[in-house]
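K.L.:
with the input below, show me the fold.
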Amino acid sequence: MAADVLSAAGRSVSVFEKMPTFGRKFLMAGRGGLNLTHSEDLERFLQRYGAASRVLAPMLAAFSPADLRAWADGLGGQTFVGASGRVFPKVMKASPLLRAWLARLEGQGVLLRTRTEWQGWTADGALSFVTPDGVETVRPRLTILALGGA
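P.N.:
Residues are numbered from 1 along each chain as shown. Next up is the predicted model:
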């Protein structure tokens, strides 16, 4: 999501992925129909997070469940609200949404690199990656880490 927003704003963005393809967890989440969010208003949605709702409130106000639906709809993954109040893409699959998202990123100039395992920082502050071609270092102006639960 950060790559999408930053590249749309004209920033140069590279995304490094350890695995051979992007979005594996996204695709796994889609096995059950890809429940994207819930349809209730923001106040009720925040109640789902209990004590953490106070911390999450500003973030969810900035990117609400309605914003998430608009994002998915903008990728061609038209959404619908199920009987449970959960929001799903009409195709009930993650792969078309992921393909559209990756295509948009590439169209915005995002460099998508797979099989690049982050090793940490070098002694002089560069990012270090192990790639199929050996060790590579990168010196970005800004680094956002999304470590998939690591």
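
K.L.:
who does Ser128 bridge with?
P.N.:
Gly120, Thr137 (DSSP bridges).

K.L.:
let me see the confidence value for it.
P.N.:
Reported pLDDT at Ser128 in the predicted model: 97.

K.L.:
go ahead and confirm it touches Thr116.
P.N.:
No: using CB atoms under 8 Å, Ser128 is not in contact with Thr116; the gap is 10.2 Å. Glycine gets a C-beta too; all of them are placed from N, C-alpha and C.

K.L.:
common neighbours of those two, please.
P.N.:
Glu136 (CB atoms under 8 Å, 6 or more residues apart in numbering).

K.L.:
neighbour count for the two, which is higher?
P.N.:
Thr116 (20 against 15; other CB atoms under 10 Å).

K.L.:
list the contacts for that one?
P.N.:
Phe16, Glu17, Lys18, Phe129, Val130, Thr131, Glu136.

K.L.:
any idea of the pLDDT on it?
P.N.:
pLDDT, Thr116: 96.

K.L.:
what's the answer for Gly76, then?
P.N.:
Residue-level pLDDT assigned to Gly76 equals 89.

K.L.:
which SSE is it in?
P.N.:
Per DSSP states H and E, Gly76 falls between elements, in no helix or strand.

K.L.:
report the buried members of the contacts of Thr116.
P.N.:
Neighbour counting by 16 or more other CB atoms under 10 Å classes Phe16, Glu17, Phe129 among the contacts of Thr116 as buried.

K.L.:
re the thing from before, export the contacts of Thr116 to a markdown table and tack on secondary structure and distance to Phe63?
P.N.:
Listed next are the contacts of Thr116 as a markdown table, based on DSSP: H, G, I helix; E, B strand; the rest coil; distance: CB to CB, whole Å:
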| residue | secondary structure | distance to Phe63 |
| --- | --- | --- |
| Phe16 | strand | 23 |
| Glu17 | coil | 22 |
| Lys18 | coil | 26 |
| Phe129 | strand | 29 |
| Val130 | strand | 33 |
| Thr131 | strand | 32 |
| Glu136 | strand | 32 |
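
K.L.:
okay if I get these as JSON lines plus distance to Ala100?
P.N.:
JSON lines is the format used below for those (distance: CB to CB, whole Å):
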{"residue": "Phe16", "distance to Ala100": "21"}
{"residue": "Glu17", "distance to Ala100": "18"}
{"residue": "Lys18", "distance to Ala100": "23"}
{"residue": "Phe129", "distance to Ala100": "27"}
{"residue": "Val130", "distance to Ala100": "30"}
{"residue": "Thr131", "distance to Ala100": "27"}
{"residue": "Glu136", "distance to Ala100": "29"}
